[in-house]
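*Asks:* Would you be able to build a 3D model of this:
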Amino acid sequence: MAIHTILIVDDSPTERYYLSEILVRAGYAVLTAQDGADALAQLKQARPDLILMDVVMPGANGFQITRAIARDPELQDVPVIICSSKSQETDRIWGLRQGARDYLVKPVVEAELLAKIAAIS
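*Replies:* Here you go, the predicted structure:
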């Protein structure tokens, strides 16, 4: 599956900007959402090829949104990479159990992010 459009879900405008800059320079089209509800609405409307999901957000957290995506027959084929400041191994394992394909700890390293995206493509 070729990845062209990536949805960044993060409540931090700074983090959305940082990740957007990396992805645009790498040739990807970028959509952004500031919380889980916004992410689900955009996901159903725009159908991105990949989601970068923060965990700690107001309302539903990234683990809950990732689980909702993984359980939805219409959305479950959209891969999720969690990008979170939660750096414990238990957080990574929990994220993967919710349906994420991979897990990155913030601050995200550009080369590592692009490598993880390429591995899913």
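*Asks:* When you work out contacts or count neighbours from here on, use the C-alpha atoms and nothing else.
*Replies:* Will do.
*Asks:* In terms of pLDDT, where does V55 sit?
*Replies:* V55 is assigned a pLDDT of 97 by the prediction.
*Asks:* now do M1
*Replies:* pLDDT, read off for M1, is 70.
*Asks:* what's the neighbour count on it?
*Replies:* Look at M1: counted by other C-alpha atoms under 10 Å, it has 6 neighbours.
*Asks:* Check what contacts the one helix or strand L40 maps to and list those residues.
*Replies:* Element membership of L40 [criterion: DSSP states H and E] is helix 36-46. Identification of contacts with helix 36-46 by C-alpha atoms under 8 Å, 6 or more residues apart in numbering yields 7, 9, 32-33, 57, 59-62, 65, 75.
*Asks:* How about it, which residues are buried there?
*Replies:* For helix 36-46, burial by neighbour count (16 or more other C-alpha atoms under 10 Å) applies to 36-37, 39-40, 42-43.
*Asks:* ok now that helix, how far from the chain's centre?
*Replies:* Helix 36-46 has its C-alpha centroid displaced from the chain centroid by 12 Å (C-alpha atoms, centre = their mean, to the nearest Å).
*Asks:* any idea which helix or strand comes after that helix?
*Replies:* strand 50-53.
*Asks:* Could I get the contacts of helix 36-46 in a markdown table, plus columns for neighbour count?
*Replies:* A markdown table is the format used below for these (neighbours: other C-alpha atoms under 10 Å):
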| residue | neighbour count |
| --- | --- |
| L7 | 24 |
| V9 | 27 |
| T32 | 21 |
| A33 | 21 |
| M57 | 16 |
| G59 | 10 |
| A60 | 13 |
| N61 | 16 |
| G62 | 27 |
| I65 | 22 |
| L75 | 15 |
